[in-house]
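**Q** coords below, sequence missing:
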Ligand SMILES: Nc1ncnc2c1ncn2[C@@H]1O[C@H](COP(=O)(O)OP(=O)(O)O)[C@@H](O)[C@H]1O
Ligand SMILES: [Mg+2]
């Protein structure tokens, strides 16, 4: 095994300021999360809206500072690296956002958008056969690098001088992917990259990501609330609930042999072609208040299998295989 990313007991909080009638509160968005990502794999994070997926992604990019816990990239703590290593980190790690309407600057041409990371990292030499630095390249040379990338994502030369509004949602996401990959990163975080797109376009973008993953030997953290998409793309899946990972395993373990009642609930609420399947685990509740401290399992409030002990303490991890683990008292 070759671990690229290690997240170790991570806690990330938001402070909600005191308002006239409301006391100050703390949102426990990521609440003790640990996992590894191995080189070359696609790990998906599944879970309902508000469970902490984007907060986790932003922490990995150092856009948020955790309250405690660690994130290691190639065995280095990303919050303790010096500015030179940090620059290298941002060269090797990039992000694709959910909404290609807001993530692309409407005033910039596609050429300028996709070129931007090259300009930020203008001392790199690996983009030119004679090892010139990016800042020493001519506009024509830069154009060739950008065009190569655009072709990789299924766009052509016509796109270079156009603006984002001249493209459909799927094409905009292609532009965002080109920008994310132009520096040839090793690790890509995709936060709901197809959720804002029409269903008919989603498959094209997912297939493009899979092709590019192979072509560039990428490692990916793929965040989605859509289990159909996750089943298709992921090697492993971590299910998140209220800032915690409740179950993790290989995709076939999570979909073929789900253990945690929350995973079962999520799977049973996936719309099927012939309608919803109504089974006992389906809960009609919503995510509980994550500004409160729960001493037990936060899913206990919605769980049809809830026992007394579930309200008293958070369960330890239980392993079903080397890769398949869940935190649930049903298996203690
Ligand atoms: N900037 C913020 N300030 C306060 N609370 C936030 C902020 N961003 C997210 N949250 C809260 O943190 C929790 C996790 O949010 P988020 O990470 O966006 O979840 P997800 O991506 O799974 O939908 C939610 O309760 C959300 O309301
Ligand atoms: Mg999100």
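**A** Happy to help now that I have it. Everything numeric here is computed off the predicted structure, so don't read it as measured data. Ligands and ions are numbered 1, 2, ... in the order given.
**Q** show me the helices in the chain, by range?
**A** Assigned by DSSP state H, the helices in the chain fall at 53-60, 83-92, 110-120, 139-152, 169-181, 199-216, 227-233, 251-256, 261-268.
**Q** could the ones you listed go into a markdown table alongside mean neighbour count?
**A** For every residue, glycine as well, the C-beta is placed using N, CA and C. A markdown table is the format used below for the helices of the chain (neighbours: other C-beta atoms under 10 Å):
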| stretch | mean neighbour count |
| --- | --- |
| helix 53-60 | 23 |
| helix 83-92 | 14 |
| helix 110-120 | 19 |
| helix 139-152 | 16 |
| helix 169-181 | 23 |
| helix 199-216 | 16 |
| helix 227-233 | 18 |
| helix 251-256 | 18 |
| helix 261-268 | 22 |
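**Q** and ligand 2, which of these is closest to it?
**A** Of all the helices of the chain, helix 53-60 sits nearest to ligand 2, with 3.2 Å by C-beta to the ion.
**Q** sorry, back to before: and the helices of the chain: which comes nearest ligand 1?
**A** helix 53-60 (3.2 Å; C-beta to the nearest ligand atom).
**Q** near ligand 1, anything from the closest one?
**A** Yes. Using C-beta under 6 Å from any ligand atom, we find that helix 53-60 touches ligand 1 at 53-55.
**Q** cool, and stretch 64-82?
**A** No. Using C-beta under 6 Å from any ligand atom, stretch 64-82 never reaches ligand 1; the gap is at least 8.6 Å.
**Q** contacts for that stretch?
**A** For stretch 64-82, the external contacting residues (C-beta atoms under 8 Å, 6 or more residues apart in numbering) are 3-13, 30, 32-33, 55, 58-60, 62, 85-86, 89, 92-93, 187.
**Q** export the helices of the chain to JSON lines and append columns for mean pLDDT and distance to residue 39.
**A** JSON lines is the format used below for those (pLDDT from 0 to 100; distance: least, C-beta to C-beta, whole Å):
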{"stretch": "helix 53-60", "mean pLDDT": "97", "distance to residue 39": "16"}
{"stretch": "helix 83-92", "mean pLDDT": "94", "distance to residue 39": "12"}
{"stretch": "helix 110-120", "mean pLDDT": "96", "distance to residue 39": "22"}
{"stretch": "helix 139-152", "mean pLDDT": "96", "distance to residue 39": "21"}
{"stretch": "helix 169-181", "mean pLDDT": "96", "distance to residue 39": "17"}
{"stretch": "helix 199-216", "mean pLDDT": "94", "distance to residue 39": "12"}
{"stretch": "helix 227-233", "mean pLDDT": "95", "distance to residue 39": "17"}
{"stretch": "helix 251-256", "mean pLDDT": "97", "distance to residue 39": "18"}
{"stretch": "helix 261-268", "mean pLDDT": "94", "distance to residue 39": "26"}
